[in-house]
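Undergrad: Turn this into a structure:
(one chain, ligands or ions: 1)
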Amino acid sequence: MAEGIKSVGVIGGGQMGSGIAQLAAVAGIDVWLLDLDSNALTSATKSITNSVQRFVSKGQLSQEVATNAIKRLRCTSNLEDLRSADVIIEAIVESEDVKKKLFSELDRIAKPSAILASNTSSISITRIASATSRPHQVIGMHFMNPPPIMKLVEIVRGADTSNETFITIKALSERFAKIVVCSQDYPGFIVNRILMPMINEAFFTLYTGVATKEDIDTGMKLGTNQPMGPLELADFIGLDVCLSIMKVLHVGLGDSKYRPCPLLVQYVDAGRLGRKRGIGVYTYGKQPEVSKS
Ligand code: NAI
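TA: Predicted coordinates for the structure are as follows:
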């Protein structure tokens, strides 16, 4: 059960992994954060420190909890350091082959009782689990971006995920003060099955010259009462992540309505990946600004 979880490993120190590591550290759990890129670990440590301090300055966290959380966080590039973790949460690149390779290595190094969770946005948990000898202990734990702020965790049960694994991960999510929904293992699960076609359609709307990016975003923001327009949200999520999810929906559901918009493909080809690269649909400086192009 979740109270027994003393140590968590998080793999991938990007926007999602760093936020997940923060949640675990604030919940009083020892965390190993692993990334192959040492620059990612440096930025993750910086962003976690700044984020917990923001919670302190808003009165949402005591200084003591924040200081202890930072002390509980250790960074590494060596998978063997995750040997004693009770739960390992993967948040690396959205590629089935890369995730499967990692899960097969995790299966080798993790202790037999460890649960292996994936933060994948859309890839089949059943297929990721098939790379391990413990499919009953593999589960989807899909956080929303940014994990420290967004209330939801979408839990995805693979074909062989056990009830015990589900109950433990549900309780762990609740320990992170999240609300849980449960999805069966089908492409895009609940949230991205619905959200990504909307984002893709916003790209088609831009691509076919129906409206400017600003009008598409303002129209959807004010017309459907969303905090961000779909193109702005795509930049926030990462255009590479959006494209990967659309490909999973297209292949997995076999319907041409899920084909990725050529403009989305072109932006990704050009390295316009969104906020994390400073350019996507919009360009971002120190102060986020809207490009004139
Ligand atoms: P990101 O690009 O910000 O970070 C990925 C990190 O993983 C990078 O620091 C990279 O160096 C590291 N990495 C890549 N391969 C690795 C490996 N084999 N071993 C260790 N580290 C490795 O990506 P982001 O946005 O954090 O997404 C990560 C995962 O979370 C993806 O599966 C994505 O679909 C999912 N996700 C993303 C959301 C978003 O809004 N960006 C929301 C929910 C889930």
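
Undergrad: ok, residue 199 touching residue 233?
TA: Yes: the criterion here is C-beta atoms under 8 Å, and residue 199 meets it with residue 233 at 6.6 Å. The way it works is simple: take the backbone N, C-alpha and C, and place the C-beta from them, glycine included.

Undergrad: Distance of residue 95 relative to residue 80?
TA: With distances taken as C-beta to C-beta, to the nearest Å, residue 95 is found 23 Å from residue 80.

Undergrad: ok, those two, which is more surrounded?
TA: Using other C-beta atoms under 10 Å as the criterion, residue 95 and residue 80 rank with residue 95 on top: 13 against 7.

Undergrad: Next up, the contacts around that one.
TA: residue 244 (C-beta atoms under 8 Å, 6 or more residues apart in numbering).

Undergrad: What pLDDT does the model give it?
TA: The per-residue pLDDT reported for residue 95 equals 92.

Undergrad: For residue 186, see how far away it is.
TA: 19 Å.

Undergrad: ditto for residue 133
TA: Taking C-beta to C-beta, one finds residue 133 at 24 Å from residue 186.

Undergrad: When those two are compared, which one has more neighbours?
TA: Using other C-beta under 10 Å, the more surrounded residue of residue 133 and residue 186 is residue 186, with 15 against 10.

Undergrad: quick one: secondary structure of the more buried one?
TA: Under the three-state scheme (DSSP: H, G, I helix; E, B strand; the rest coil), residue 186 adopts coil.

Undergrad: Does it touch residue 249 like I think?
TA: No: between residue 186 and residue 249 there is no contact under C-beta under 8 Å: 9.9 Å.

Undergrad: Common neighbours of the two, please.
TA: Listed contacts common to residue 186 and residue 249 are residue 193; contacts here mean C-beta under 8 Å, 6+ apart.

Undergrad: What are the structural domain limits within this protein?
TA: Per the record, the chain has its domains at 7-184, 192-277, by the TED database.

Undergrad: mean confidence for the last one?
TA: Which is domain 192-277. 97.

Undergrad: Report the distance from it to the chain centre.
TA: Taking the mean of its C-alpha atoms, domain 192-277 sits 17 Å from the chain's own mean (C-alpha atoms, centre = their mean, to the nearest Å).

Undergrad: That domain and the ligand, any residue contact?
TA: Yes: counting by C-beta under 6 Å from any ligand atom, contacts between domain 192-277 and the ligand involve 237-238, 241, 276.

Undergrad: What is the end-to-end distance of that domain?
TA: 22 Å (C-alpha to C-alpha, to the nearest Å).

Undergrad: The closest residue to the ligand within the stretch 151-293 of the chain: how many residues sit nearby?
TA: As assessed by C-beta to the nearest ligand atom, the ligand sits closest to residue 237 within the stretch 151-293 of the chain, at 3.8 Å. Using other C-beta under 10 Å, residue 237 is surrounded by 26 other residues.

Undergrad: can you check residue 123 too?
TA: Applying other C-beta under 10 Å, we find 24 other residues in the vicinity of residue 123.
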